[in-house]
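K.L.:
sequence first, predicted coordinates after that:
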Amino acid sequence: MRGDVGALAKAIMIKIAVIGAGQFGINLLNAFAQHERETGQCELAAFADTNEATLCRRKDEFGIRGYTDYRRMLECEDLDAVAVATPDPFHREIAIYSASMGKHVLVEKPMDVTVEGCAAMIDAAERAGVLLQVDFHKRYDPYHREIEKLVGQGELGRIEYGYAN
């Protein structure tokens, strides 16, 4: 069965776009572009950002279509999924709209700035029958995992406050 799963995975091509191409969005753009080059399992098709300078810079860097309005992008592009890397207060509106358009959604943490917003996003994804995922990428970062281990073993003493960046 494992061989069949591998063959199926190779046959799947996901067309994805990134909404928000700034400080965190660049990481998603790079990750999807690399995944496209190395596996051919996704196509980084487009991106959206409201900042004209960022839009021009990323269009040159990635050679893909850029939009200042994510709604227009969703209407014009044939996408399977979007990744949302905008400032936190904008996650909800974008995720709900994207789900309503039948797109799977990966959103940076936090999902929203309110519990009600998170619930609304989950409801929208369930109604649309699409996946809604939250990117907790630092959970698997080797440095963060090592710190977690050291704290758990008491190697760093009694921790009273912490901040990681």
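P.N.:
Cool, the structure landed. This is a predicted model, so every value here is computed, not measured. Residues are numbered from 1 along each chain as shown.
K.L.:
local confidence estimate at the most centrally placed residue in the chain?
P.N.:
For the chain, the residue sitting closest to the mean C-alpha position, by Cα atoms, centre = their mean, is Ala83 at 3.3 Å. For Ala83, the pLDDT comes out at 98.
K.L.:
just list whatever residues bridge to it.
P.N.:
Per DSSP bridges, the residues bridged to Ala83 are Val18, Leu106.
K.L.:
swap in Glu43?
P.N.:
Taking DSSP bridges as the rule, Glu43 bridges to Lys15.
K.L.:
test my guess that it contacts Ile12.
P.N.:
No. Applying Cβ atoms under 8 Å, one finds Glu43 not in contact with Ile12, separated by 11.2 Å. Using the backbone N, CA and C atoms, a C-beta is placed for each residue, glycine as well.
K.L.:
can you list residues touching both of these two?
P.N.:
By Cβ atoms under 8 Å, 6 or more residues apart in numbering, Glu43 and Ile12 have no common neighbours.
K.L.:
those two: which has the busier surroundings?
P.N.:
Ranked by neighbour count (other Cβ atoms under 10 Å), Glu43 and Ile12 place Glu43 first, with 18 against 11.
K.L.:
alright, I will stop here.
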